[in-house]
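S.K.: Pasting a predicted model and its sequence here:
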Amino acid sequence: MGRKLEGLQRMLVIINKLKGCRQYISREELELYVSRRMEEQDGTPVDLRTLQRDFNEIKELFGICIRFDKKQNGYYIEEEDEWKEEQYDRLLLNFDLLNAIDSTSNLHTYVLAEHHRPMDCKCLTTLIKAIKFSHPVSFNYIYVREGGKTREKKVLPHYLKEDQQRWYLLAYDDNILKTFSAECIRDLRIHYEETFKRDMGIDVTELFKDSYGIWNQADIPVEEIELSYDALDGSFLKSVPLHHSQEILVDTDEEFRIRLRLRITNDFVMALLSRSRSLTVIRPLHLRERVRKVYEEALKRNTQP
């Protein structure tokens, strides 16, 4: 197993253990647990020195701070909140995949992992550098919804965000925070001679709270949405909710009904259509009509000779 992969796997094992139901884990228990898990992956046992080094790497790479409580005689993750919980889940999501793709591990002989990694984008390294050192960037941006029209942009890059296997740049364009698809960026260049003060007070969670995915169109109102499905579709929506605002209203053998609160964007409508076998839009009526028109047009296309 390569050293870099082994180190990353070990860090994810540590996070997974400390994220468990018990808040404090003793040094002996953590060492034993991590050693056993790494031995399963043909890795090497760990000691306290290795753990301490990993704790520093975890803080630097993932922003997760691990502390030791003398009274409880155990390690714990400091200041867990909903945002960090989501970060942990995303970190651990691909742990088995990391193991499976390791060419020296035999896990690939019985684990068929699906790749949930964001699509590769050549400009990511450049954008990360610009964000890290607070340099403006310029690029030509392709507007897909305008027939591929291209406009030149000069923006102040603040964050990279991944959504549905695609990367997006959050940047200030004329003092307005906008979202740019990394796939649509061409001729990217950094203005090394210029710097700006990066706004670290942006509440990214709040920014996308009322959105489905990455598109937070402020001109679209936030609405209450009520949807009805049969029990089979409901079983899937219980395990993978459409949106964090999802609230279950009815859950019987005949019906699964939910209420959501978000902006009705094109992305959200596409998500509805992806699981529409038993869907009935209860409200709002304009969403019901929008979905009906999509069905109607699809029926016409697929019944023509």
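M.R.: Okay, I see it.
S.K.: Near residue 126, how many residues? Count them for me, please.
M.R.: Applying other C-beta atoms under 10 Å, we find 18 residues neighbouring residue 126. The C-beta positions use only the backbone N, C-alpha and C, and glycine is treated the same way.
S.K.: nearest spatial neighbour of it, skipping sequence neighbours?
M.R.: Nearest in space to residue 126, with sequence neighbours left out and distances taken as C-beta to C-beta, 6 or more residues apart in numbering, is residue 188 at 5.5 Å.
S.K.: Tell me the confidence at that neighbour?
M.R.: pLDDT, residue 188: 94.
S.K.: Am I right that it is in contact with residue 125?
M.R.: No - contact criterion C-beta atoms under 8 Å: residue 188 and residue 125 do not qualify, at 10.1 Å.
S.K.: coming back round to it: run through the neighbouring helices and strands of the helix or strand that contains the residue nearest to residue 126.
M.R.: Using DSSP states H and E, residue 188 falls within strand 185-190. The contact analysis (3 or more C-beta pairs under 8 Å, 6 or more residues apart in numbering; DSSP states H and E) places strand 185-190 against helix 124-132, strand 137-143.
S.K.: So which bits of the longest helix along the chain are buried?
M.R.: What stands out as the longest helix in the chain, according to DSSP state H, is helix 285-303. For helix 285-303, burial by neighbour count (16 or more other C-beta atoms under 10 Å) applies to 287, 291.
S.K.: What's the mean pLDDT across it?
M.R.: If you average the pLDDT over helix 285-303, you get 94.
S.K.: which residues touch it?
M.R.: Surrounding helix 285-303, the residues in contact under the criterion C-beta atoms under 8 Å, 6 or more residues apart in numbering are 223, 225, 264, 269, 272, 273, 276, 279, 281, 282.
S.K.: Can you say which of those are buried?
M.R.: Neighbour-count burial (16+ other C-beta under 10 Å) is assigned, among the contacts of helix 285-303, to 225, 264, 272, 279, 281.
S.K.: what sits against the third one?
M.R.: So that's residue 272. 227, 242, 279, 281, 291.
S.K.: what two of the residues you listed have the greatest distance between them?
M.R.: 242 and 291 (13.8 Å; C-beta to C-beta).
S.K.: Next, count neighbours for the residue nearest to residue 163 when sequence neighbours are not counted.
M.R.: Among residues not flanking residue 163 along the chain, residue 214 sits closest, at 4.3 Å (C-beta to C-beta, 6+ apart). By the criterion of other C-beta under 10 Å, residue 214 has 18 neighbours.
S.K.: which residues touch residue 214?
M.R.: 161, 163, 166, 168, 179, 208, 267.
S.K.: Against residue 282, how distant is it?
M.R.: For residue 214, the distance to residue 282 equals 27 Å [C-beta to C-beta, to the nearest Å].
S.K.: What of residue 243?
M.R.: Applying C-beta to C-beta to residue 243 and residue 282 gives a distance of 16 Å.
S.K.: okay, now residue 230: neighbour count?
M.R.: A total of 15 residues lie near residue 230 under the criterion other C-beta under 10 Å.
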